[in-house]
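**Q** When you get a sec, could you give me coordinates for this:
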Amino acid sequence: MKITINNQKELELFAKKIAKKIKPGDFFLLDGDLGAGKTTFVAAIMKTFKTDDVVCSPSFTIINRYSSKFSVYHIDLYRISSDNELYDMDMDNYFNKKEAVFFIEWAERMGQLKPENRLELRFSYSEDNGSFDKRELEIIAIGSSYERFLK
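**A** Here you go, the predicted structure:
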């Protein structure tokens, strides 16, 4: 499924719809160029969850944990170059936390650790150069339990 997001407000409305369907154990794999909206999407989700935490890119920390009605792990794999690095960081143990929700930026770098069931969101700049804010978003549900996000 592909949708167009025309501005920040539409992204927040989309995030609100997604947030209503999130449950512990969900994995969201976010891909797209720098500045395409991955972190902004996570911030919009957390705004919906009414957290007091400041949501920012985990590019340097790699993992940010936010508190809400359940634990949320926001992970950025931009600086990761191999599966071995993920295992060295004990990332596979993070992913076994069934009570948490995961938002993973640059998810194409997960390699063998990519979960079998997940929602993939691929952000890209719109071909319409008239609006800087406009983004295209491809949404792919992998696993029947993630089809709820496509409705």
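
**Q** how about the most centrally placed residue in the chain, secondary structure?
**A** The residue lying closest to the centre of the chain (C-alpha atoms, centre = their mean) is residue 103, at 3.6 Å. Here residue 103 is recorded as strand under DSSP: H, G, I helix; E, B strand; the rest coil.

**Q** Touching, it and residue 45? I think so.
**A** Yes. Counting by C-beta atoms under 8 Å, residue 103 touches residue 45, with 7.3 Å between them. Backbone N, C-alpha and C define where each C-beta goes, glycine included.

**Q** Common neighbours of the two, please.
**A** Common contacts of residue 103 and residue 45 (C-beta atoms under 8 Å, 6 or more residues apart in numbering): residue 72.

**Q** And the helix or strand bottoming out on mean pLDDT in the chain, what does it pack against?
**A** One helix or strand of the chain scores below all others by mean pLDDT, DSSP states H and E: helix 91-94, with a mean of 85. On a contact count with 3 or more C-beta pairs under 8 Å, 6 or more residues apart in numbering; DSSP states H and E, helix 91-94 meets strand 71-76.
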